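3D, please:
(one chain, ligands or ions: 1)
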Amino acid sequence: MIELKTNHIYHGDCIDILKELPSKSVDLIFADPPYNMQLKKELYRPNNTKVDGVNDDWDKFSSFQDYDNFCISWLEECKRALKDTGTIWVIGSYHNIYRIGNIMLNLGYWILNDVTWHKSNPMPNFLGTRFTNATETLLWCSKGENYKKYTFNHKLMKQYNGGKQMTSVWNISLCIGNARIKGEDGKKAHSTQKPEELLKRVILSTTKQDDIVLDPFFGTGTTGAVAKKLGRKFIGIEREKKYIQIAKTRLKNINSLLPESSWIETLKEEQPKVPFVNLVRKNIIGIGEFLYTPIRYNKQAEVLSNGNLHYEDTNGSIHKIGAIIQQTSSCNGWKFWHIFKNSKLLLLDDLRMQYIRTEYKI
Ligand SMILES: C[S@@+](CC[C@H](N)C(=O)[O-])C[C@H]1O[C@@H](n2cnc3c(N)ncnc32)[C@H](O)[C@@H]1O
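Below is the predicted model:
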């Protein structure tokens with residue numbers, strides 16, 4: 001057995017390293033294993049440019065049996081390393097998730113949910129031979145039918161979902177734009193980097209603060225990045241040194257918790273509704289102050305005395321202006337706009353929570 005180091009990336013084959021981890025030592029596992037895509041030839045778009053798909057050596061197996069044997073080994077070791085109160089998430093596409101689901105059931109895992117990640121911006125089916133493939137599946141499992149004391153933050157997720165119970169269909173876009181880590185050549189550094197929002201839901205829903213989250217296929221370290229932001233500990237395993245380097249740089253640049261992590265688990269009741277203008281009336285946000293969009297939109301809007309925003313030649317609520325800028329039908333302005341406070345850029349939602357805590361003495 002090796003010493004369990006948290007906030008650490010182990011370099012090597014995950015089966016070898018998992019075997020060395022102490023039994024019943026981690027609270028959550030998130031696994032994004034090779035898909036075993038079985039790609040036989042390059043794919044081109046109609047304009048003859050090559051599609052940058054998953055054609056990496058780490059995704060190649062000599063046969064389905066070879067792939068199944070690999071999955072049986074790492075899933076067995078994951079079960080051993082998982083605490084009895086722990087759960088595991090495994091993500092996959094139609095290429096591998098049915099094989100994996102079958103293996104997990106044979107190993108005694110108990111499926112709690114099969115969550116569908118619906119990609120709001122999927123890659124088109126360039127050949128026009130099938131429907132556009134717009135989903136991946138996440139199997140969320142406990143160690144077995146009788147392992148019932150697992151963590152599920154039901155209230156928190158309801159609250160995160162605007163007061164409605166969250167369903168098992170998650171609409172999240174692919175990891176693109178600034179969030180996508182690029183190499184020196186400007187191309188994506190990893191073919192399958194997952195969006196942080198996906199991991200945020202996984203980790204928020206099924207761990208507590210300070211829990212240990214293990215990812216045996218760490219890649220660019222998305223799991224570690226989100227764990228760190230949410231005040232959880234992580235353990236990564238990755239066989240490719242180049243990805244470990246990328247993940248280390250990514251993790252080094254995260255030096256603060258998402259402020260919401262301090263309140264998110266202690267909040268017991270539903271959040272009261274807060275009109276934005278209340279924050280203006282209380283002078284938490286000043287009239288004439290500017291709110292800022294996420295960097296990718298690079299816009300700002302001015303706060304008016306009635307709690308509306310002034311943006312270009314339009315006035316409207318934080319939600320309406322947010323939707324206009326994103327060209328969407330709706331927007332949760334609290335989770336879209338940022339404001340400078342004490343030289344730091346804060347999400348509006350964090351100011352709203354501070355307000356709620358003060359006003360309602362939570
Ligand atoms: C689907 S990707 C994971 C991407 C990751 N979730 C992210 O957001 O960047 C799978 C990763 O597992 C790694 N990998 C594949 N086989 C492995 C093995 N046997 N042991 C450890 N890592 C492995 C690959 O190098 C690749 O980075």
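
what's the helix or strand for residue 79?
Remark: residue 79 resides in helix 64-81, with elements defined by DSSP states H and E.

any part of whichever helix or strand comes after that helix near the ligand?
Read in the C-terminal direction, the helix or strand following helix 64-81 is strand 82-92, with elements assigned using DSSP H and E. No: using Cβ under 6 Å from any ligand atom, strand 82-92 never reaches the ligand; the gap is at least 7.8 Å. C-beta here means a position set from N, CA and C on the backbone, and glycine is covered the same way.

each with direction, which strands does strand 82-92 pair with?
Taking DSSP bridges as the criterion, strand 82-92 forms sheet pairs with strand 26-31 (parallel), strand 135-142 (antiparallel).

just the C-alphas of the helix holding residue 79, formatted as CSV.
Presented in CSV, the C-alpha positions along helix 64-81 are these (Å, rounded to 0.1, in the frame of the first residue of the first chain):
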residue,chain,number,x,y,z
PHE,A,64,-13.8,-5.5,-27.0
GLN,A,65,-12.7,-8.3,-24.7
ASP,A,66,-9.5,-6.4,-24.0
TYR,A,67,-11.5,-3.3,-23.1
ASP,A,68,-13.9,-5.2,-20.9
ASN,A,69,-11.0,-6.8,-19.0
PHE,A,70,-9.4,-3.4,-18.4
CYS,A,71,-12.8,-2.0,-17.1
ILE,A,72,-13.4,-5.0,-14.9
SER,A,73,-9.9,-4.4,-13.3
TRP,A,74,-10.2,-0.7,-12.6
LEU,A,75,-13.9,-1.0,-11.5
GLU,A,76,-13.0,-3.8,-9.0
GLU,A,77,-10.2,-1.7,-7.5
CYS,A,78,-12.4,1.4,-7.3
LYS,A,79,-15.0,-0.6,-5.4
ARG,A,80,-12.3,-1.6,-2.9
ALA,A,81,-11.0,1.9,-2.5
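
neighbouring contacts of it?
Under the contact criterion Cβ atoms under 8 Å, 6 or more residues apart in numbering, helix 64-81 has outside partners 14-15, 18-19, 21-26, 29, 31, 33-34, 36, 61, 88, 90, 96, 99-100, 103-104, 107-109, 143, 214, 216.

filter these down to the buried ones.
In those, burial by neighbour count holds for 14, 18-19, 21, 25-26, 29, 31, 33-34, 36, 61, 88, 90, 96, 100, 103-104, 107, 109, 143, 214, 216, counting by 16 or more other Cβ atoms under 10 Å.

in strands, which of those appear?
Among the buried ones among the contacts of helix 64-81, DSSP state E puts 26, 29, 31, 88, 90, 214 in strands.

how far out from the middle of the chain is the helix or strand harbouring residue 156?
Take DSSP H and E as the rule and residue 156 turns out to sit in helix 154-160. Taking Cα atoms, centre = their mean, to the nearest Å, one finds helix 154-160 lying 16 Å from the centre of the chain it belongs to.

equivalent analysis for stretch 87-100, please.
Between the centre of stretch 87-100 and the centre of its chain there are 16 Å (Cα atoms, centre = their mean).

could you pull out the helices in this structure for me?
Using DSSP state H, the helices found in the chain span residues 14-20, 64-81, 97-106, 154-160, 196-206, 222-229, 241-252, 276-281, 318-326, 348-360.

buried ones in the second one?
So that's helix 64-81. Using 16+ other Cβ under 10 Å as the test for burial, helix 64-81 gives 67-68, 70-79, 81.

contact partners for whatever residue of the chain ends up closest to the ligand?
The ligand sits closest to residue 219 of the chain, with a gap of 2.6 Å, by Cβ to the nearest ligand atom. Residues touching residue 219, when contacts are defined by Cβ under 8 Å, 6+ apart, comprise 32, 190, 192, 193, 194, 238, 243, 247.

surely residue 307 and residue 316 touch.
No: using Cβ atoms under 8 Å as the test, residue 307 is too far from residue 316 to be in contact (10.5 Å).

what is the burial count for residue 338?
Number of residues near residue 338 (other Cβ atoms under 10 Å) recorded here: 20.

measure it to residue 318 for me?
Residue 338 is 11 Å from residue 318, where distance means Cβ to Cβ, to the nearest Å.

mutual contacts of these two, please.
Taking Cβ under 8 Å, 6+ apart as the contact criterion, the common neighbours of residue 338 and residue 318 are 291, 348.

ok so, going back, same for the ligand: which of the buried residues of helix 64-81 are within range?
Near the ligand, by the rule Cβ under 6 Å from any ligand atom, you find none of these.

how about the residues of the stretch 51-200 of the chain that lie near the ligand?
Applying the criterion Cβ under 6 Å from any ligand atom, the portion of the stretch 51-200 of the chain that neighbours the ligand consists of 58, 190, 192, 193, 194.
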